[in-house]
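Enquirer: For reference, the sequence and a predicted model appear below.
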Amino acid sequence: MFENLSDKLESVFKKLKGHGKLTESNIEEGLREVRLALLEADVHFRVVKKFIADIKERALGQDVLTSLTPGQQIIKIVNEQLTELMGSRHEQLNLKGPRPAAVMLVGLQGSGKTTTAGKLAVHLRDIGHKPFLVPADVYRPAAIDQLTKLGAQLSVPVYASQADMDPVDICLEARVAAQMAGCDVLLLDTAGRLHVDEALMAEMKAVAGVSDPAEVLLVVDSLTGQDAVNVAQSFTDEVPLTGVVLTRMDGDARGGAALSMRAVTGKPIKFAGTGEKLDAIERFHPARVADRILGMGDVVSLVEKAAETIKAEEAEELANRMMKGKFDLNDLRKQLQQMQNMGGLGMLAGMMPGMKKAKAAMAGANMDDKVLVHMDAIIGSMTAKERANPALLNAKRKKRVAAGSGTSVQEVNKILKMHQEMGRAMKQIRKMGGLKGLAAMFGGGGLPGMGGGGSPTGAPGLPGGAGMPGLPGGELPPEMQDFLKKK
C-alpha cells in the first residue's frame, strides 16, 4: 500500500546521507521533498503541514546538526513522527462492561462492513471470546444472507434477521439470543448508504441507543484516499466513534487515509483488513506501519504471523530433522505451504528487513503467489519415495514430474537445487553448534519454529528462518529467483 511513498522517502534519505554534514538548507530541501511525497500519497494537507513543521523543529536541533550520522538521525526523527501521527501505539478493543458487549460497525455502503464483521468474529474467537453476529442491514439486498453464510462458514452463531424487521428490534432481540447462546460479544453489522445523510445517522443513533455499544467502529475503504478521512470526520461529528477499521490495506492505495485518519478524527485505527480471506485482518500497530513505510520491515508482525500459522510441535520436529540432516522434499513442501498460509511471498518480503529489492524484482516480473502453487505442484507430482529420497530423481523421472506438474525439467532441477542449498545451509548451522549456535546470532533469542522465540532483526544470511525456505542475506536464493522469473 505504501510502496510509492516508501520509495520517495528512501530517495530523500539517500540524498541526506550523501551529505557529510547536514545544514539548515539541505534539511529544508529534504523536507520539501518529503512534503511533496506525502501530498502525492493523498495525506490531508493540514496533517502534512504540521508533520513537516514538527520534523523541522527537531531536525534543526543540535542532536542532528552535530551528529556523526545526521542522515540516520533524520530517519529516526521521521520514524518517530510517523508513529506519533498514526497514534503511537495499538489500542485494543474495549469490551469491558455487561455481557454481551456490543461492537457496532458503521460506515458507507461498500466499505466492507459485513466482511469485517466476519473477520472480527475470527479474531475475537482466536483470543478466547464467543462472538455473535447480528445482521442489522435490512436495506442492502443479500446483506443478511451474506452474514448468515459467513457465520455458517465460521461456525459462529448468527441472529436470524428478516428484511422486514426494524433494525432497532433486531438489535434488542439479538442481545437476548446471544445471552441464551452463551456468547459474550455482539457484532452489529449496520446499514450503510452511498453518502452520509440524515436517515443513516438517525438509524445509527437509534441502534446505538438500544445496544449501548462498548465500541463503535467506523469501517472505511482505504482506496478512497482522502475522501475516507472526510467520511470519518462526518461520522465523528454525528455518532460516538471509538475507533476505525481500514479495509483493503493490501491494495494499491496511496496510504493517505492511514496517515491522516488519527490526526483528523482523533480516533485510533484499531484494525486493518489485509486481504480477502476471513483471517486477513491485523491489529493496527503504528510503530510497525512506520517501519514498513521506511523500508525497515516488520519482523515483530512476521514472528506473530508465524506463531499463529506454524504449529509448535511441527516446527520443533522440522528443526530437529534439519539438524540431523534429514530434511527432504516433504519438509520443503511443508515450508512452501506455510509461506502460503502466512500471506505469500509478497507479504513476507514486505515484512523482512532488507527484502525490498527482492520484493520489487518480484513485482517487476509480474510474479504472484501462484508460483508457490507451481512449486508445490512439482513436489506433488513426485512419488512418496522420490520426495523422501530426491537422489532417485534421474533424467527419466524428472521428465515425468515435469509433465505431471505442467512445468519443465529445468524448473524441477531448480527445486532440487533449492533443496540441496537448504541442506548445505543446515550443515553450516550444525558446525556453528546447532540451534544453540543459531540462537547466539540473535542475542540468545532464537527463531520461531527453530527452538527459540526471539526476533530475527538484523540476522545475516539466515536460511529458512520462521518457516521460510532460504532467504540468505536479505535476498531470495538464486534458484528461487530463477524459478520466479520463469513464471
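Expert: Arrived safely, thanks for sending.
Enquirer: Which residue comes closest to residue 221 once chain neighbours are left out?
Expert: Leaving aside its sequence neighbours, residue 221 sits nearest to residue 111 (C-beta to C-beta, 6 or more residues apart in numbering; 4.8 Å). No exception for glycine: its C-beta is placed from N, CA and C like everyone else's.
Enquirer: With residue 144 instead?
Expert: residue 135 (4.2 Å).
Enquirer: average model confidence for the helix or strand where that neighbour lies?
Expert: Residue 135 is located in strand 131-136, with elements delineated by DSSP states H and E. Mean pLDDT, strand 131-136: 95.
Enquirer: starting at the chain centroid, how far to that strand?
Expert: The chain centroid and the centroid of strand 131-136 are separated by 25 Å under C-alpha atoms, centre = their mean, to the nearest Å.
Enquirer: Tell me where the model's unsure across the stretch 201-350 of the chain.
Expert: Within the stretch 201-350 of the chain, the segments meeting pLDDT under 70 span 251-255, 295-316, 318-325, 340-350.
Enquirer: dump the residue contacts of residue 55.
Expert: Shown in contact with residue 55 (C-beta atoms under 8 Å, 6 or more residues apart in numbering): 31, 34, 77, 78, 81.
Enquirer: starting at the chain centroid, how far to stretch 327-337?
Expert: Distance of stretch 327-337 from the chain centroid (C-alpha atoms, centre = their mean) equals 24 Å.
Enquirer: Please apply the same query to stretch 29-38.
Expert: Averaging C-alpha positions (C-alpha atoms, centre = their mean) puts stretch 29-38 27 Å from its chain's average.
Enquirer: can you pull the buried residues of that stretch?
Expert: 30, 31, 33, 34, 35, 37, 38 (16 or more other C-beta atoms under 10 Å).
Enquirer: which residues touch the host helix or strand of the first one?
Expert: Spelled out, that is residue 30. Using DSSP H and E, residue 30 sits in helix 24-40. For helix 24-40, the external contacting residues (C-beta under 8 Å, 6+ apart) are 4-5, 8-9, 11-13, 15-16, 19, 45, 47-48, 51-52, 55-56, 59-60, 64, 74, 78, 254, 259.
Enquirer: In strands only, show me the residues you listed.
Expert: Secondary structure from DSSP state E places none of those in strands.
Enquirer: Quick check: pLDDT value at the residue in the chain sticking out farthest from the centre.
Expert: The C-alpha centroid of the chain is most remote from residue 396, which lies 42.9 Å away (C-alpha atoms, centre = their mean). According to the prediction, residue 396 has pLDDT 93.
Enquirer: What about residue 334, how many residues nearby?
Expert: The tally of other residues near residue 334 (other C-beta atoms under 10 Å) stands at 17.
Enquirer: SS state for it?
Expert: Judged by DSSP: H, G, I helix; E, B strand; the rest coil, the three-state class of residue 334 is helix.
Enquirer: Give the burial count for residue 204, as a bare number.
Expert: Using other C-beta under 10 Å, residue 204 has 24 neighbouring residues.
Enquirer: same check, this time on the one 10 residues further on
Expert: Residue 214 has 19 neighbours, counted by other C-beta under 10 Å.
Enquirer: With residue 117 instead?
Expert: As a burial measure, residue 117 scores 28 neighbours (other C-beta under 10 Å).
Enquirer: Tell me the secondary structure at residue 102.
Expert: Here residue 102 is strand, with the state taken from three-state DSSP.
Enquirer: and the nearest residue in space to residue 105 that is not next to it in sequence, how many neighbours?
Expert: Spatially, and ignoring its direct neighbours in sequence, residue 105 is nearest to residue 113 (4.7 Å; C-beta to C-beta, 6+ apart). Neighbour count for residue 113, taken as other C-beta under 10 Å: 27.
Enquirer: Does residue 113 touch residue 219 like I think?
Expert: Yes. Using C-beta atoms under 8 Å, residue 113 is in contact with residue 219, at 4.7 Å.
Enquirer: Next, show the common contact partners of those two.
Expert: In contact with both residue 113 and residue 219: 105, 106, 107, using C-beta under 8 Å, 6+ apart.
Enquirer: just checking, the last one touches residue 219?
Expert: So the one you mean is residue 107. Yes. At 4.0 Å, residue 107 counts as touching residue 219 under the criterion of C-beta under 8 Å.
Enquirer: Spell out which residues are contacts of both of the two.
Expert: Jointly contacting residue 107 and residue 219 under the rule C-beta under 8 Å, 6+ apart are residue 113.
Enquirer: Using the three-state scheme, assign residue 189.
Expert: Recorded secondary structure, residue 189: strand (three-state DSSP).
Enquirer: show me the contacts for it.
Expert: By C-beta under 8 Å, 6+ apart, the contact set of residue 189 is 105, 113, 114, 117, 133, 134, 135, 136, 137, 143, 147.
Enquirer: mind running it again at 10 Å?
Expert: Residue 189 sits next to 104-106, 113-118, 120, 133-137, 140, 143-144, 146-147, 150, 158, 161, 219 when contact means C-beta atoms under 10 Å, 6 or more residues apart in numbering.
Enquirer: Tell me which of these fall in helices.
Expert: 113, 114, 115, 116, 117, 118, 120, 143, 144, 146, 147, 150 (DSSP state H).
Enquirer: ok, these vs residue 406, which is closest?
Expert: Ranked by distance to residue 406 (C-beta to C-beta), the ones in helices among the contacts of residue 189 are led by residue 115 at 33.2 Å.
Enquirer: Check the gap between that closest one and residue 147 for me.
Expert: Separation of residue 115 from residue 147 (C-beta to C-beta, to the nearest Å) stands at 9 Å.
Enquirer: Show me which of these two is the more surrounded one.
Expert: Ranked by neighbour count (other C-beta under 10 Å), residue 115 and residue 147 place residue 147 first, with 27 against 20.
Enquirer: mean confidence score for whichever helix in the chain runs longest?
Expert: What stands out as the longest helix in the chain, according to DSSP H, is helix 409-431. For helix 409-431, the mean pLDDT works out to 79.
Enquirer: which parts of it are buried?
Expert: Across helix 409-431, burial judged by 16+ other C-beta under 10 Å covers 411-419, 421-423, 425-426, 429-430.
Enquirer: ditto for stretch 102-109
Expert: Residues of stretch 102-109 classed as buried: 102, 103, 104, 105, 106, 107, 108 (neighbour count, 16+ other C-beta under 10 Å).
Enquirer: Since that was my last question, I'll sign off now.
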